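Enquirer: From the sequence below, what's the structure:
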Amino acid sequence: MGDWFTLDWVIKWSWLVFGVQLAGVMVWTQLLFSHFSLTFDSTTFLQSTWLIAHGHLVPFSNNLGYPTWQDHFDLINWPLALTVLAWPDGLLLLWAQDIATIVAGVIAFRWMTRVIRESGTLTKTRWPPVLGAVGLFLLVANPWTYWAISWDIHVDAFATCFLLAATYDFCFGRMGRAWIWVALTLVCGDVAATWIIGLGISAAIAALVHKERRGQLALHATLLISAGAGWALAVAAIGADRGSGLSRGYGYLIQRTTSSTPKHLGIPTILRAVATHPNRALSQLWNHNTDALANLGPTAWIGAFTPWTFGVPAVILLEDGLHQSQLFAAPSFQSFPIFPITAVGIVAILCSLASGSARLRRVGKIGIAIIVMNAVIWAAVWLPPLTGHWLRVSSGQAAALNQALSEIPASAEVVASQGVMGRFSDRLDVRPLGSGVDIPVSGTDVWFVVTPNAGVEIMPVDAAMGAMSTLAGPMHAVLKVNAAGVAAFEWRRPRDVHFITFASQPDTIGGWTSTSAAGLSVTAGPVEDWHAAANGNQGYVVAQDYWTRPVGTYEVGVSLSAGSAVDVEVSNAADGQLLAARQVPSTSGILEVTIPLDLRHHYPRLVSFSGWGIFRIQPVAPASEIQNVLEVRVWSPTAGQVSVYSISLIPTAANR
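Expert: This next block holds a predicted model:
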């Protein structure tokens, strides 16, 4: 390499790299936004800032059921609400998250380069630019950064930016400015306060290593731990930690059965439970060990083992690993600070090797090759699934949702499928659609937006299709939009109705709710005449009506008329295995087809991609592992006239 390859050259070109990265993530965010791929979490954040921007300075989230300040006490929402005034639909706020993410990377890179420059003997070698390039690559290639910003919007990205700035300043002795960043981190809420505890732990370790700064660092370590713990306890004391779900997430540490777990659980109680029942905590941490390693994986697992990069990752992995929900342990926004901080740790370790003996330098060279290859494989395994995991709304579905959004009055209450509800947040009242629970309704004009097979959805498909049938039938809601599997209803709420409950396992759904590639939804005339009709193509007229049911015996029913023979099929949705079928000849009118289904076996449900080898995460288990997912389909082998009026899956008397 010529004299042009210097650390200053790498720093110069890093601005281009970070600029391209920022442009890329902003384009990705805009794509998610335009496709309505914003879920429950986005709704909480976007509605809160929208309400603040419109004068509701103490916003109440009916999405959560309590004022938003009680969620995590993330006071940063109030200044961030200014973005809504500049760009009302919320996209600017999502872009602000992208900017904060890239700025955190810039701070981490600045930290790396300073570590490299202060490594002494490296100055006149090729090590500085190589290490700078490796550090830059680790920051940009980490797939979990992109997964984190794809999951809606959270304050974690902003808190990470402030935390990195604070850690950098403490590391290099800028104590006064560092405390400004600490204060900004704390206004991001109670979770960020625990990260400050982690920063204090790192400062304490650094005090043991750096004798010349021992007294200063020990003092600030004490203050940091006190500030983080004090803030978290104060937030809990005023009841502003409801979003942390301490009882729900950590109650098992107190009592094995949830029925006996205290409703309100404090941090001191949790710490005391860990001390008195360490086996429970260790068992849970072991259950989440794969995800803990995955969080550290793209930085070769050792980046967390330097004084200034140990505390924060350790605290995050501990609090997420102890949580009962696997979603918290998996690499995501909850782990945001781990990704840039451990990249800095890797560079610091390589600097130590490069500054050592000839043998250590050889180890460093081998380490660089392994670290880069490791990062490449993590990116190759986990960047491709990004689109399939988060972008689950097609262009046709997005167009239908846009139509619904344009037709819904600003004053209307909206109840929407949680997988797409984020874009409907610019209003006083927006709630998630659910089944088997009471949904409060208070507005005169209530709109329901239902997407059974779109978005990152948690409501069972059959329950969503059953809700569509209930809205059109007994509730007499007016179907305003019905396209590409998206339905929007307008409902005039009777004065005496304050709650709506949709069945979690409906027995019957309308055929018009589950049209497939060879079908179209016919919704003209009386509701009882609505149906799915063949569109002239060979294929399935109805499909993708996924029924979640336990083992047992059932009777499958399909009400249809056919001008030619059709096939009625029942299959296991996980692997497509055909469980029952019947060929129906042409009919002279509407025929009630019944098929007995003896579902004696549990067919394992599909789980998300989990990677391979050491480059994997622990896949999230289905909500109920004893439930089968069935699909009832009607196949039209010719371009004949076929109409499907209803589909039912009813347990037999022996199964009730």
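Enquirer: Which parts of the stretch 401-550 of the chain are helices?
Expert: For the stretch 401-550 of the chain, the helices defined by DSSP state H, counting those that start in this stretch cover 461-472.
Enquirer: Where does pLDDT dip in it?
Expert: The model of the stretch 401-550 of the chain has no residue with pLDDT under 70.
Enquirer: quick one, phi psi at L560?
Expert: Torsion angles at L560 (phi, psi; degrees, to the nearest 10) stand at phi -150, psi 170.
Enquirer: okay, it: pLDDT?
Expert: L560 is assigned 97 on the pLDDT scale.
Enquirer: How much space separates the residue lying farthest from the centre of the chain from T342?
Expert: No residue in the chain sits farther from the centre than S588, which is 50.3 Å out by C-alpha atoms, centre = their mean. Using C-beta to C-beta, to the nearest Å, S588 is found at 71 Å from T342. No exception for glycine: its C-beta is placed from N, CA and C like everyone else's.
Enquirer: before we move on, what about E407?
Expert: According to C-beta to C-beta, E407 stands 48 Å off from T342.
Enquirer: Which one of those two is surrounded by more residues?
Expert: The neighbour comparison of E407 against T342 (other C-beta atoms under 10 Å) goes to T342, with 28 against 13.
Enquirer: is it true that the more buried one lies in a helix?
Expert: Yes - counting by DSSP: H, G, I helix; E, B strand; the rest coil, T342 is part of a helix.
Enquirer: quick one, what contacts it?
Expert: L296, T299, G303, A304, T309, P313 (C-beta atoms under 8 Å, 6 or more residues apart in numbering).
Enquirer: Please render these as CSV that adds distance to S559, pLDDT and neighbour count to the earlier fields.
Expert: Below are the contacts of T342 laid out as CSV (distance: C-beta to C-beta, whole Å; pLDDT from 0 to 100; neighbours: other C-beta atoms under 10 Å):
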residue, distance to S559, pLDDT, neighbour count
L296, 55, 97, 22
T299, 58, 94, 30
G303, 61, 94, 26
A304, 60, 96, 21
T309, 64, 97, 31
P313, 58, 98, 26
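Enquirer: Identify the farthest-apart pair in these.
Expert: Between any two of these, the greatest separation by C-beta to C-beta is 10.6 Å, found for L296 and T309.
Enquirer: overlap in contacts of the two?
Expert: Residues touching both L296 and T309 by C-beta under 8 Å, 6+ apart: G303, T342.
Enquirer: still on that earlier bit, go through the contacts of T342 and name the one nearest R431.
Expert: Using C-beta to C-beta, P313 is the member of the contacts of T342 that lies nearest R431, at 36.5 Å.
Enquirer: Name the SS class of the closest one, please.
Expert: Assigned by three-state DSSP, the conformation of P313 is helix.
Enquirer: Name the residues that touch stretch 13-28?
Expert: By C-beta under 8 Å, 6+ apart, the list of residues contacting stretch 13-28 reads 95, 98-99, 101-102, 105-106, 109, 132, 136, 140, 146, 149-150.
Enquirer: hmm, which of those residues are the buried ones?
Expert: Taking 16 or more other C-beta atoms under 10 Å as the criterion, what is buried in those is 95, 98, 101-102, 105-106, 109, 132, 136, 140, 146, 149-150.
Enquirer: Name the residues of the host helix or strand of V372 that are buried.
Expert: Following DSSP states H and E, one finds V372 within helix 358-382. For helix 358-382, a neighbour-count test (16+ other C-beta under 10 Å) marks G364, G367, I368, I371, V372, N374, A375, I377, W378, A379, V381, W382 as buried.
Enquirer: pLDDT averaged over it - what is it?
Expert: 95.
Enquirer: Tell me the helices and strands packed up against that helix.
Expert: Counting contacts by 3 or more C-beta pairs under 8 Å, 6 or more residues apart in numbering; DSSP states H and E, helix 358-382 packs against helix 127-141, helix 143-150, helix 338-354, strand 611-612, strand 615-616.
Enquirer: can you list the domains in this structure?
Expert: With domains defined by automatic domain parsing, the chain comprises 7-37+68-389, 392-504, 507-656.
Enquirer: Reformat the ones you listed into TSV and put distance to S48 next to each item.
Expert: Shown next, in TSV, are the domains of the chain (distance: least, C-beta to C-beta, whole Å):
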stretch	distance to S48
domain 7-37+68-389	4
domain 392-504	9
domain 507-656	27
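Enquirer: Ok, which of those domains comes nearest Q47?
Expert: domain 392-504 (4.1 Å).
Enquirer: Can you report phi and psi for E457?
Expert: phi -100, psi 140.
Enquirer: quick one on the thing from earlier: rebuild the contacts of stretch 13-28 as JSON lines, extending it with distance to S325 and pLDDT.
Expert: JSON lines is the format used below for the contacts of stretch 13-28 (distance: C-beta to C-beta, whole Å; pLDDT from 0 to 100):
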{"residue": "W95", "distance to S325": "29", "pLDDT": "97"}
{"residue": "D98", "distance to S325": "26", "pLDDT": "98"}
{"residue": "I99", "distance to S325": "29", "pLDDT": "98"}
{"residue": "T101", "distance to S325": "24", "pLDDT": "98"}
{"residue": "I102", "distance to S325": "29", "pLDDT": "98"}
{"residue": "G105", "distance to S325": "28", "pLDDT": "98"}
{"residue": "V106", "distance to S325": "32", "pLDDT": "98"}
{"residue": "F109", "distance to S325": "33", "pLDDT": "98"}
{"residue": "G132", "distance to S325": "39", "pLDDT": "96"}
{"residue": "L136", "distance to S325": "34", "pLDDT": "98"}
{"residue": "V140", "distance to S325": "30", "pLDDT": "98"}
{"residue": "Y146", "distance to S325": "22", "pLDDT": "97"}
{"residue": "I149", "distance to S325": "21", "pLDDT": "96"}
{"residue": "S150", "distance to S325": "19", "pLDDT": "96"}
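Enquirer: Apart from its neighbours in sequence, what residue is nearest V430?
Expert: Once flanking residues are discounted, V430 sits nearest to V414: 4.7 Å by C-beta to C-beta, 6 or more residues apart in numbering.
Enquirer: and that neighbour, how many neighbours does it have?
Expert: 26.
Enquirer: for it, what are its contacts?
Expert: I408, M421, F424, R427, D429, V430, R431, V446, W447, F448, V449.
Enquirer: ok, now L122?
Expert: By C-beta under 8 Å, 6+ apart, the contact set of L122 is I116, P128, L131, C351, A354, S355.
Enquirer: could you measure the fourth one against W308, distance?
Expert: Yep, that's C351 we're talking about. 13 Å.
Enquirer: beta partners of the residue nearest to V430?
Expert: Counting by DSSP bridges, V414 is bridged to V430, W447.
Enquirer: Work out for me the element I196 sits within.
Expert: helix 190-209.
Enquirer: CA atoms of that helix as CSV?
Expert: Output in CSV follows, covering the C-alpha atoms of helix 190-209 (Å, rounded to 0.1, in the frame of the first residue of the first chain):
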residue,chain,number,x,y,z
ASP,A,190,-36.0,4.1,33.1
VAL,A,191,-34.4,1.6,30.7
ALA,A,192,-31.7,4.1,29.7
ALA,A,193,-31.1,4.7,33.4
THR,A,194,-29.9,1.1,33.8
TRP,A,195,-27.4,1.7,31.0
ILE,A,196,-25.9,4.6,33.1
ILE,A,197,-25.4,2.0,35.8
GLY,A,198,-23.5,0.0,33.3
LEU,A,199,-21.4,3.0,32.4
GLY,A,200,-20.6,3.4,36.1
ILE,A,201,-19.5,-0.2,36.2
SER,A,202,-17.1,0.5,33.3
ALA,A,203,-15.8,3.6,35.0
ALA,A,204,-15.1,1.5,38.2
ILE,A,205,-13.2,-1.1,36.1
ALA,A,206,-11.3,1.7,34.4
ALA,A,207,-10.4,3.1,37.8
LEU,A,208,-8.6,-0.2,38.6
VAL,A,209,-6.7,-0.2,35.3
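Enquirer: What's the mean pLDDT across the helix or strand that that helix is followed by?
Expert: Downstream of helix 190-209, the first helix or strand assigned by DSSP H and E is helix 214-237. Helix 214-237 shows a mean pLDDT of 96.
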